[in-house]
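J.: Sequence unavailable; structure follows:
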């Protein structure tokens, strides 16, 4: 993971999009729930920094995601994604949470057909939405630290 983080920092320095893809992809190789966990943490970090009222309105969807993602069908996850997407006065955090639900749906479909790319792309989009300025190293460093911690926790528990 640390090598991936170094590569990501180079990608960001070059102002490229999809910087979060290698991280989300690495985490989902262990289990897609780790990529989802990382995106949730990034959204929570972002929301705590910007003090978004919208996040507080949408926090119920984050809680539902953490509690029910394993029991809902892919189509139920997609329906929740659409519900969030079409709420009025959409902001980045709302779009990110909607995409996160879309990523769960895509990952669940991938369990059936083996195609994980859609889930990784949706997770990537969710994370990149909550880093609107890639030169914001304060947020970026916190996101990268969260990814490393999630990866290390998983590896230490599954050696």
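T.: All right, it came through fine. Bear in mind the structure is a predicted one, so any value in this text is a computation, not a measurement.

J.: excluding its backbone neighbours, what's nearest residue 7?
T.: Using CB to CB, 6 or more residues apart in numbering and skipping the chain neighbours, the partner closest in space to residue 7 is residue 22 (6.3 Å). Yep, even glycine has a C-beta here, placed from its N, CA and C like the rest.

J.: Do you know the pLDDT at the residue nearest the centre of the chain?
T.: Central residue of the chain (CA atoms, centre = their mean): residue 39, 2.4 Å from the mean position. Residue 39 is assigned 96 on the pLDDT scale.

J.: Could you find the closest non-adjacent residue to it?
T.: Ranked by CB to CB, 6+ apart and with sequence neighbours excluded, the top spatial neighbour of residue 39 is residue 126, at 4.7 Å.

J.: burial count for residue 124?
T.: 23 (other CB atoms under 10 Å).

J.: following the helix or strand encompassing residue 108, which helix or strand comes up?
T.: Under the criterion of DSSP states H and E, residue 108 resides in helix 92-113. For helix 92-113, the following helix or strand on the C-terminal side (DSSP H and E) is helix 117-129.

J.: Count the residues that sit near the residue nearest to residue 7.
T.: By other CB under 10 Å, neighbour count at residue 22 equals 19.

J.: Verify the stated contact: it with residue 3.
T.: No - in this structure, residue 22 is not within contact of residue 3 by CB atoms under 8 Å, at 9.6 Å.

J.: Can you give me the buried ones in the host helix or strand of the residue nearest to residue 7?
T.: With elements taken from DSSP H and E, the one containing residue 22 is helix 21-30. Across helix 21-30, burial judged by 16 or more other CB atoms under 10 Å covers 21, 22, 23, 24, 25, 26, 27, 28.

J.: relative orientation of it and helix 117-129 in degrees?
T.: 130 degrees (axes from the mean of the first three to the mean of the last three CA atoms, to 10 degrees).

J.: packing partners for helix 21-30?
T.: Contacts defined by 3 or more CB pairs under 8 Å, 6 or more residues apart in numbering; DSSP states H and E place helix 21-30 against helix 2-13, helix 32-50, helix 117-129, helix 137-157.
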